[in-house]
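Q: Fold the following and give me the result.
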Amino acid sequence: MKFHDQIDFNRLIGTHTILYGETNTKKTYFTAEFVKFLVNSNNFAPKQISILDFAPRLQKFGDLKIGGRIDDFYPESVQCRNISFEGGIIPPRLTAKNKQELYKFAQLNYEKTHKSLEKFSQNPTKILIINDISIYLHLGDKKYLLDIIKKTHTFFGNSYYGSSIKGNFTFFFTLKEKRSVNYLIKKLNKSYRTGLR
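A: Residues are numbered from 1 along each chain as shown. Predicted coordinates for the structure are as follows:
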């Protein structure tokens, strides 16, 4: 189903929702808008809203804009329970020069994102927001992630799902990512493809 600007966020409360699509299709923007809606509704204390932001900071690679975090679009998200980690996320396919570097960068990202998920799992809140799920799914366990999502009353996350980010040695890497995202699409209550006309 296509995600659009007029969607009623009230209908997503109490559901588990994933947005998926190409780069530059407003996935992070819509996620930030959902956080803004939650904070402004006064029905939820900001500390009931856990944010795991796995996206790299906004970067340009040729014509591609990659990354962008929730606080770039909604600075007031700092009021929420942000479960952070030290150091940044490396976009593996765009940064690596060979297959070895690809998996090295993915492993570094996995270690950071998995620790954040563990912290949430040990002390879950009713609401969980994850920006750029695919960063975890490069090497992470999709079933472990799903189990964590199921602990929540409301989940809203987004993931890259496309073909614009690629390289000569990234085919199987991207294939695993797509299969993992497809798994979540089938298992969660609601899924929306961004960027469709």
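Q: Which single helix of this protein contains the most residues?
A: helix 99-122 (DSSP state H).
Q: Tell me which other helices or strands that helix touches.
A: Judged by 3 or more CB pairs under 8 Å, 6 or more residues apart in numbering; DSSP states H and E, helix 99-122 is in contact with strand 49-53, helix 92-95, helix 134-137, helix 142-150, helix 171-187. All C-beta spots, glycine's among them, are computed from the backbone N, C-alpha and C.
Q: Which strands and helices lie in contact with the second one?
A: Using 3+ CB pairs under 8 Å, 6+ apart as the contact criterion, the neighbours of helix 92-95 among helices and strands are helix 99-122, helix 171-187.
Q: weakest of the helices and strands packed on helix 99-122 in terms of mean pLDDT?
A: Note on the helices and strands packed on helix 99-122: helix 92-95 shows the lowest mean pLDDT, a mean of 89.
Q: okay, now Asp53: neighbour count?
A: Residues lying near Asp53 (other CB atoms under 10 Å) number 26.
Q: now swap in Phe169 and tell me
A: Phe169, neighbours per other CB under 10 Å, totals 16.
Q: could the helices and strands packed on helix 99-122 go into a markdown table alongside distance to Thr31?
A: As requested, the helices and strands packed on helix 99-122 are exported to a markdown table (distance: least, CB to CB, whole Å):
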| stretch | distance to Thr31 |
| --- | --- |
| strand 49-53 | 9 |
| helix 92-95 | 21 |
| helix 134-137 | 13 |
| helix 142-150 | 15 |
| helix 171-187 | 15 |
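Q: And those: which comes nearest Phe9?
A: Checking the helices and strands packed on helix 99-122 against Phe9 by CB to CB gives strand 49-53 as the closest, at 13.1 Å.
Q: For stretch 19-28, the averaged confidence score.
A: pLDDT averaged over stretch 19-28 gives 91.
Q: Buried residues, that stretch. List them.
A: Buried residues in stretch 19-28, defined by neighbour count with 16 or more other CB atoms under 10 Å: 19-23, 25-28.
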